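Student: Got a predicted structure here, sequence first:
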Amino acid sequence: MSVNQREIGRRKLLNEIRRQQRIPRISLSEVTGISRATVTTITAELLREGLIEEVTSDTTEKDSKRGRPKVDLKIRGVARLIAGAKISNKTISLVLLDFEGTQLADHEAALETTVLSADEMAQVLAELVEELAQKVDHSLQDVAGFGLGIAGVVDAPRGFVHWSPSLTSRNVTFGTVLEDALGIPVFLDNDANLVAMAEKSFGLGQGHSDFIVVTIESGVGMGIVINDEIYRGTRGCGAEFGHTKVQLEGALCRCGQRGCLEAYVADYALLREAMLASGEAAERQVDEVLQAAKDGDEVAASIVERAGRMFAMGLANIVNIFDPELIILAGEQMQSSHLYAEEVIVSMRKSIVQVDKAPPEVVIHKWGNLMWARGAAAYALENVSENALLEMADNVV
C-alpha cells in the first residue's frame with residue numbers, strides 16, 4: 001500500500017468511526033469499502049497512536065455465550081483537548097471539547113470594550129483559554145488546538161482578517177498573532193461560517209448536504225454549506241450577506257459602505273434609527289425598541305417594519321441565487337420574532353422565482369453564544385484530527 005493510499009485510508013476510517021460513534025471492524029469494512037485486512041492494519045495504527053480505542057460491544061446474552069465479547073472501535077476522547085470561542089459585541093464565549101466532541105467545560109467573560117487591537121485581543125483570549133482549561137485541571141499548553149469565530153471578512157486558510165468590528169486594525173494576520181500568544185495551533189474563521197459548522201455537526205443541518213445559515217445580532221452574517229462543505233469564496237469574502245446592497249446611497253454600514261442590508265436590520269442599525277427619530281442622545285437597548293414597536297409606538301413600529309421588509313428582500317435574493325433546501329435563522333435577534341414573523345416570510349415568498357414546487361423551508365434556531373463557540377471548537381477538532389493523521393505519516397513503516 002502506498003503512503004498516499006494509507007493516508008486516505010486513515011482519514012476515511014477515522015472519519016467513519018467518528019460519524020458512527022462506535023462500530024466493529026467488520027462493519028467498518030462494509031460501510032467504507034476498504035478491505036478487512038487494510039481495516040485491521042490501519043485501525044491497529046490508530047490504536048497505537050491513541051486516537052481510537054476498543055470497547056466491548058453491546059451484545060445479547062445469547063451472543064456473549066458463543067465466545068469472547070465482540071469489540072467495537074470508538075474515538076478515544078482523552079486523546080486531545082480542543083477549545084473554541086466566539087467573540088461577540090460585549091462578551092467572549094468559550095467551550096472545551098474532548099477528541100470525541102464531548103463538551104467538558106464552558107466559560108463566558110465580559111469585554112471591557114467592544115474593539116481591541118489584535119495583540120490585546122490575543123492576550124485576552126490566551127488568558128481565557130487558560131482559565132477554561134483549568135476548569136478540568138489542565139492548562140493552556142494541554143490544548144491541542146483553538147478555534148475562533150470572529151465577525152468580519154476573514155480568509156480562513158491564511159488566518160487573515162481583512163476587517164472585523166472587533167479589531168482596531170484592518171488586514172491583520174490574526175491567526176499568527178493568536179498562535180504567538182497562545183503557543184498552540186489556531187484555526188480562525190468568520191463566526192457565521194462556524195455557526196454553519198455547528199449546525200452541520202450537531203444542529204438542524206444534520207442530514208442536509210446543502211443549506212444556508214443566516215445570523216442576526218450585532219451584525220448580519222451567512223454561512224453556506226454546499227455538498228457538506230463550508231463555502232468561503234476565493235478571498236474569504238464569500239457569503240457576506242450583511243453587506244449585500246439593498247438601497248443605493250442608503251444608510252451607513254459599519255463596514256464603511258452605504259446601503260448594506262446590515263445597516264437596516266442589525267442591532268446597531270435599529271438603535272441608530274431610534275435615536276435619530278427621537279432626537280435623544282441617551283443609549284437604548286434593542287429590546288426597548290422592539291418592545292416599543294409591540295406597544296404601538298409608531299416610530300419604533302416603522303423602524304422594525306422597515307427592517308422586516310429589507311430582511312425579506314435579502315432572504316428572497318438568497319433563494320433566487322442558491323435555491324437551498326433549507327434556510328436556518330440563528331442569532332441573538334432570533335429571541336425576538338420581528339425578523340421571522342409570518343409577514344416577513346410571506347413577503348420573501350412573494351419575491352422569489354415561482355415554480356411548481358414548494359419554496360425552501362425556513363427554520364429558526366434560538367441558540368446562544370456557547371453554541372457558536374461549539375461551532376468554532378468543531379472546526380478546530382476537524383483540523384486537529386487532520387493534523388494528527390498527518391503526523392502519523394512520518395511514522396509509516
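Tutor: Arrived safely, thanks for sending.

Student: can you pull out the helices in the protein?
Tutor: Along the chain, counting by DSSP state H, helices occupy 3-20, 25-32, 36-48, 61-64, 118-134, 174-182, 191-202, 262-265, 267-278, 286-294, 298-322, 342-350, 369-393.

Student: By mean pLDDT, show me the worst of the ones you listed.
Tutor: Note on the helices of the chain: lowest mean pLDDT is at helix 61-64, with a mean of 51.

Student: Lys74 against Arg19, yeah?
Tutor: No: counting by CB atoms under 8 Å, Arg19 is not a contact partner of Lys74; they are 11.3 Å apart. Heads up, the C-betas are built off the backbone N, CA and C, glycines and all.

Student: Please identify which of those two sits among more neighbours.
Tutor: Between Lys74 and Arg19, counting by other CB atoms under 10 Å, Lys74 is the more crowded of the two (16 against 10).

Student: Output the below-cut-off pLDDT ranges for the stretch 51-200 of the chain.
Tutor: Filtered on pLDDT under 70, the stretch 51-200 of the chain yields the residue ranges 58-68.

Student: what would the helices of the chain look like in TSV with distance to Leu111?
Tutor: Output for the helices of the chain, formatted as TSV (distance: least, CB to CB, whole Å):
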stretch	distance to Leu111
helix 3-20	34
helix 25-32	45
helix 36-48	41
helix 61-64	56
helix 118-134	8
helix 174-182	16
helix 191-202	15
helix 262-265	20
helix 267-278	15
helix 286-294	18
helix 298-322	26
helix 342-350	31
helix 369-393	12
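
Student: Looking at these, which is nearest to Ile216?
Tutor: Ile216 lies closest to helix 262-265 among the helices of the chain, at 6.4 Å (CB to CB).

Student: counting contacts, what elements does the closest one pack onto?
Tutor: Contacts defined by 3 or more CB pairs under 8 Å, 6 or more residues apart in numbering; DSSP states H and E place helix 262-265 against helix 298-322.

Student: tell me the angle of the helix it packs on relative to helix 267-278?
Tutor: With axes from the mean of the first three to the mean of the last three CA atoms, to 10 degrees applied, the angle from helix 298-322 to helix 267-278 works out at 150 degrees.

Student: Taking the centroid of the protein, which residue is nearest it?
Tutor: Nearest to the mean C-alpha position of the chain, counting by CA atoms, centre = their mean, stands Leu194 at 1.6 Å.

Student: That residue and Leu73, how far apart?
Tutor: According to CB to CB, to the nearest Å, Leu194 stands 29 Å off from Leu73.

Student: Check Glu325 too.
Tutor: 33 Å.

Student: Compare these two and say which is more crowded by neighbours.
Tutor: Leu73 (25 against 12).

Student: Is it correct that the more buried one is in contact with Arg25?
Tutor: Yes: between Leu73 and Arg25 there is a contact under CB under 8 Å: 6.6 Å.

Student: okay, and the common contacts of these two?
Tutor: Residues touching both Leu73 and Arg25 by CB atoms under 8 Å, 6 or more residues apart in numbering: Thr43.

Student: ok, now which ones touch Leu96?
Tutor: 81-83, 103-106, 132-133, 135-136, 143, 377.

Student: if you set the cut-off to 7 Å instead, what comes out?
Tutor: Applying CB atoms under 7 Å, 6 or more residues apart in numbering to Leu96 gives the contacts Leu81, Ala83, Leu104, Ala105, Leu132, Ala133, Val136.

Student: Would you mind measuring from Asp189 to Met392?
Tutor: Counting by CB to CB, the gap from Asp189 to Met392 is 25 Å.

Student: what does Leu188 give?
Tutor: From Leu188 to Met392 the distance is 25 Å (CB to CB).

Student: Looking at the two, which one has more neighbours?
Tutor: Leu188 (28 against 19).

Student: Please tell me I have it right and the more buried one contacts Phe146.
Tutor: No: taking contacts as CB atoms under 7 Å, Leu188 lies outside contact range of Phe146: 9.0 Å.

Student: And for Ile34, nearest residue in space, chain neighbours not counted?
Tutor: Of all residues not flanking Ile34 in the chain, Gly9 sits nearest, at 5.9 Å (CB to CB, 6 or more residues apart in numbering).

Student: cool, and Thr102?
Tutor: Per CB to CB, 6+ apart, closest to Thr102 is Gly77, 6.0 Å.

Student: same check, this time on Leu111
Tutor: Nearest to Leu111 is Lys90, by CB to CB, 6+ apart, at 5.5 Å.

Student: Overlap of the contact sets of Leu188 and Phe146?
Tutor: With CB under 7 Å, 6+ apart, Leu188 and Phe146 have no common neighbours.

Student: hey, what's Phe160 bridged with?
Tutor: Phe160 forms beta bridges with Asp155, as assigned by DSSP bridges.

Student: Kindly apply the preceding question to Leu94 instead.
Tutor: Going by DSSP bridges, Leu94 forms beta bridges with Ala85, His107.

Student: okay but it is in contact with His107, surely?
Tutor: Yes: here Leu94 reaches His107: they are 4.6 Å apart, a contact under CB under 7 Å.

Student: So Ala110 is in contact with Thr91, correct?
Tutor: Yes: contact criterion CB under 7 Å: Ala110 and Thr91 qualify, at 5.6 Å.

Student: quick one: which of the two has more around it?
Tutor: Legend: neighbour count by other CB under 10 Å for Ala110 and Thr91, higher for Thr91 (12 against 8).

Student: Contacts only, for the more buried one.
Tutor: So Thr91 contacts Glu108, Ala109, Ala110, Leu111, Asn369 (CB under 7 Å, 6+ apart).

Student: Please report how far it lies from Arg6.
Tutor: For Thr91, the distance to Arg6 - CB to CB - is 44 Å.
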